[in-house]
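Undergrad: with the input below, show me the fold.
(2 chains)
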Amino acid sequence: MELVLPTIINGLSLGGTYAMIALGYTMVYGIAKMLNFAHGDIIMVGGYIMYVCMAMGNPLIAVVAAVIGCVLLGMTVEKVAYKPLRGASPLAVLITAIGVSYLLQSLAQIIFGSANKMVMIYDFGTIKLFDVTVQVSSLITLAICVVVMVILTLFIKFTKLGHAMIAVSEDKGAAQLMGVNVNGIITLTFAIGSSLAALAGFFYLLKSPSISSTLGAMPGIKAFTAAVIGGIGSIPGAMLGGIFLGLVESISYKITAIAPYTDAIEFAILIAILLVRPNGFLGKKRREKV
Amino acid sequence: MLKVENLSVYYGVIQAIKGVSFEINEGEIIALIGANGAGKTTILHTITGLIDAKSGSIIFDGHELTKTPAHKIVSLGMAHVPERRRIFQELSVLANLKLGAYTRKDKSEIEETLKMVYEHFPILKERKNQIAGTLSGGEQQMLAMGRALMSHPKIILMDEPSMGLSPLYVNEIFDIIKNINKSGTTVLLVEQNAKKALSIANRAYVLETGKIALEGNSQELLNNDSIKKAYLGE
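TA: Numbering: from 1, shown residues only, chains lettered A, B, ... in the order given. Presented below is the predicted three-dimensional model:
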């Protein structure tokens, strides 16, 4: 129990964090049909916004400012860098996304320097759960992730805008015939994805209160892996893939013999899963009736 | 009501539509017939803005459609039932229908239209909670037509509604098109099934490799020898 419970809770909260980021990848992929490799760096920008706001001392304002800042950044990047490339070859869009990623990292280095900065947002301390000491921040992370995932699922499944998003992801032309403004839906998708990335940045800083310009790189790659494992384009897939990867990571860290190879194990699992299920857990090929 | 004038459309350097002009008056059923690749679908896509015209004009109720973005056209009163139906497979039948009314605001009016659609297509009411991708081909065609009607259009463009359907469904679909027209909606019908199309249309245009080759009222065309040979298999 002493070993298992914290490992599971850590795994779930890390997995929830991955899921938050993976949702951004998978929704943008599903709707704009592009891989936004600058998505991880949105987390980093959110982190720096929190760093700046913490100088003023209020954690709540810092988180809210990070969410708003990331939403504006995500929408701006989409408008300036990706929208002009609508209809261009996927390779051109991919290269652009990588370019945006380096641009954001370099800007952060110019503004904040390359040394790590400490960002203590809030110390929630620990509590005893079944006689086991658990980080409260992990429980909070987990709770927020669950709430966000439930809200997002309900939004997609039951609202008019959610249905419009599904329509655009399936068939842009047909969606336009219904009167859906496809560009507006794409902007909305980037806004949602970026707000989730800001939250993920908050969870990261709760766990390890240090930030540099490459903060978003590894979580970005991991969450992308999670999105692909779950089935890229699938929203429940991103949640499942994120939780799965988080659990794998936290369990692997606890086993001394394989702990140093944790990252390698995660990516090896990605390869193994793609060999067996090329579309991931919940990804599917669409068939069409003639 | 709808006036297409000297319309030209290109795919890259290839000219698909070569100066086509035609006109539809309120209340009519107009058929656009022609062989595969003649440009029928291209014309419909250009009217509703999915493809850009190179030159020419499309005037609908005083609006120049070639300068109107695709997603703004449906609220002018024009609905398009696309070729191969293109329903939203992952959504329920009801959600598909509701998306048809995406630009409408008044909830009670939308409910009225939904009732009317269910009267035309009782099967859609029975299956309203079913995922649309699991419907049969004929049912999907009905859903695509019902979805278009949900916008309460003045004119409805139908692209190959009979494609891939069993003869029984084909007759039913054509009866419904007649009923839709009787209840006051103008219809532009694109069909390869020329005989069926001419049997319900007031007038028709025959399209050959991007040009209007022949036009006239349906009865005349049904008795025209070259039409009989080329399109009616007699």
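Undergrad: now do stretch A:220-236, average pLDDT.
TA: Stretch A:220-236 shows a mean pLDDT of 95.
Undergrad: can it be found next to chain B?
TA: No - Stretch A:220-236 lies out of reach of chain B by Cβ under 8 Å from any Cβ of the partner chain, never closer than 10.4 Å. Any C-beta I mention is one placed from the backbone N, CA and C, and that applies to glycine too.
Undergrad: can you list the buried residues in that stretch?
TA: By neighbour count with 16 or more other Cβ atoms under 10 Å in any protein chain shown, stretch A:220-236 contains the buried residues A:220-235.
Undergrad: who are the packing partners of the longest helix seen in chain A?
TA: As assigned by DSSP state H, the longest helix anywhere in chain A is helix A:4-32. With contacts taken as 3 or more Cβ pairs under 8 Å, 6 or more residues apart in numbering or on different chains; DSSP states H and E, helix A:4-32 sits against helix A:39-54, strand A:132-135, helix A:136-158, helix A:160-170, helix A:182-207, helix A:217-230, helix A:235-254.
Undergrad: minimum distance to B:V9: which of these has it?
TA: Comparison of those against B:V9 by Cβ to Cβ identifies helix A:182-207 as nearest, at 20.9 Å.
Undergrad: where does pLDDT dip in the chain?
TA: You didn't pick a chain, so chain A it is. Low-confidence segments of chain A (pLDDT under 70): A:1, A:285-290.
Undergrad: wait, chain B
TA: Judged by pLDDT under 70, the stretches of chain B that qualify are B:234.
Undergrad: show me what from it comes close to chain A.
TA: By Cβ under 8 Å from any Cβ, the residues of chain B that approach chain A are B:48-50, B:70-75, B:79-80, B:82, B:84, B:86-91, B:95, B:98-100, B:102-103, B:133, B:135-137, B:140, B:147, B:151, B:164.
Undergrad: tell me how far A:L199 lies from A:T76.
TA: Applying Cβ to Cβ, to the nearest Å, the value for A:L199 to A:T76 is 19 Å.
Undergrad: which of those two has more residues huddled nearby?
TA: A:L199 (24 against 12; other Cβ atoms under 10 Å in any protein chain shown).
Undergrad: how far away is that one from A:I151?
TA: Distance, A:L199 to A:I151, using Cβ to Cβ: 12 Å.
Undergrad: just B:P69 next, same as before
TA: Counting by Cβ to Cβ, the gap from B:P69 to A:I151 is 31 Å.
Undergrad: could you do B:R127 as well?
TA: Relative to A:I151, B:R127 is positioned 29 Å away (Cβ to Cβ).
Undergrad: what's the local residue count around the nearest residue in space to B:G39 that is not next to it in sequence?
TA: The shortest distance from B:G39 to any non-neighbouring residue, by Cβ to Cβ, 6 or more residues apart in numbering or on different chains, is to B:G210 (4.5 Å). Taking other Cβ under 10 Å as the neighbour definition, B:G210 ends up with a count of 21.
Undergrad: contact partners for B:G210?
TA: B:15-18, B:20, B:38-39 (Cβ atoms under 8 Å, 6 or more residues apart in numbering or on different chains).
Undergrad: now B:E215
TA: Residues counted as contacts of B:E215 (Cβ under 8 Å, 6+ apart) are B:22, B:203-206.
Undergrad: pick out whichever of those sits closest to chain A.
TA: Nearest to chain A among the contacts of B:E215: B:F22, at 20.9 Å, using Cβ to the nearest Cβ.
Undergrad: list the helices and strands the helix or strand containing the closest one packs on?
TA: Using DSSP states H and E, B:F22 sits within strand B:14-24. Contact analysis of strand B:14-24 by 3+ Cβ pairs under 8 Å, 6+ apart lists strand B:2-11, strand B:29-34, helix B:40-47, strand B:55-60, strand B:211-217 as its packing neighbours.
Undergrad: what helices and strands are in contact with the helix or strand hosting B:L168?
TA: Using DSSP H and E, B:L168 maps to helix B:167-182. Under the contact definition 3+ Cβ pairs under 8 Å, 6+ apart, helix B:167-182 sits against strand B:29-34, helix B:107-120, helix B:137-149, strand B:186-191, helix B:194-200.
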